[in-house]
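K.L.:
Structural data only, the sequence is not supplied:
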């Protein structure tokens, strides 16, 4: 197969892998009934005049399944950490004792679980669209190579089939990832 076609297929594989990693990161932020430090990713704290990611100004631990403990490196930012967690949209209420911030994870209601499953499915669909867009771009590049005479027709047909196979595998993997997250959300 022509080197250009191999490059297109390699780019497609990389794009599918990036979509899977991005989906896993997004799904990690969705709260389940269990404590998970990834819930706090994206929370920024006012730390010496700058908006700093929480994990860069405190250590985040999960000592038990329904509790997250945040231990700031400088106790003077405890109030700012509490304020940042409260103002985020994760729906958790922190409490502090002057040393650490404790964030209890309440059990999810059935309705909230269904809402979170919908959010997970929406994320999955967005990443499937991303994979399909990569397929479209790859197919256009293959057609351009064929039109310019840079690659033989039969090799272009093989490359197009390979791109479709990668797309099918990629969207199938997205379904597996979101299905695992759904079962995690729905279990007590």
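P.N.:
Right, received. Where do you want to start? Note that this is a predicted model, so its numbers are computed, not measured.
K.L.:
Next, the buried residues of the strand or helix carrying residue 81.
P.N.:
Counting by DSSP states H and E, the element that carries residue 81 is helix 78-87. By 16 or more other C-beta atoms under 10 Å, the buried positions in helix 78-87 come out as 78, 80-82, 84-85. (Each C-beta comes from the backbone N, C-alpha and C, glycine too.)
K.L.:
Contacts for that helix, please.
P.N.:
The contact list for helix 78-87 (C-beta atoms under 8 Å, 6 or more residues apart in numbering) reads 40, 43-47, 54, 57-58, 70, 72, 92-96, 98, 101, 103.
K.L.:
cutoff 10 Å now
P.N.:
By C-beta atoms under 10 Å, 6 or more residues apart in numbering, the residues outside helix 78-87 that reach it are 39-40, 43-47, 51-52, 54, 57-58, 68, 70-72, 74, 77, 92-101, 103.
K.L.:
Name the single longest helix found in this protein.
P.N.:
Counting by DSSP state H, the longest helix found in the chain is helix 110-147.
K.L.:
Pull the distance from whichever helix or strand comes after that helix to the chain's centre.
P.N.:
From helix 110-147 onward toward the C-terminus, using DSSP H and E, the following helix or strand is helix 153-186. In terms of C-alpha atoms, centre = their mean, to the nearest Å, the centre of helix 153-186 is found 17 Å from the chain centre.
K.L.:
Also stretch 74-92?
P.N.:
With C-alpha atoms, centre = their mean, you get 23 Å for stretch 74-92.
K.L.:
now that stretch: mean pLDDT?
P.N.:
Across stretch 74-92, the average pLDDT comes to 86.
K.L.:
Does residue 39 touch residue 55 like I think?
P.N.:
No. Between residue 39 and residue 55 there is no contact under C-beta atoms under 10 Å: 11.7 Å.
K.L.:
Tell me which of these two has more neighbours.
P.N.:
residue 39 (24 against 14; other C-beta atoms under 10 Å).
K.L.:
How about the contacts made by the more buried one?
P.N.:
If you count contacts by C-beta under 10 Å, 6+ apart, residue 39 has them with 28-32, 60, 62, 68, 85, 88, 90-92, 103, 105.
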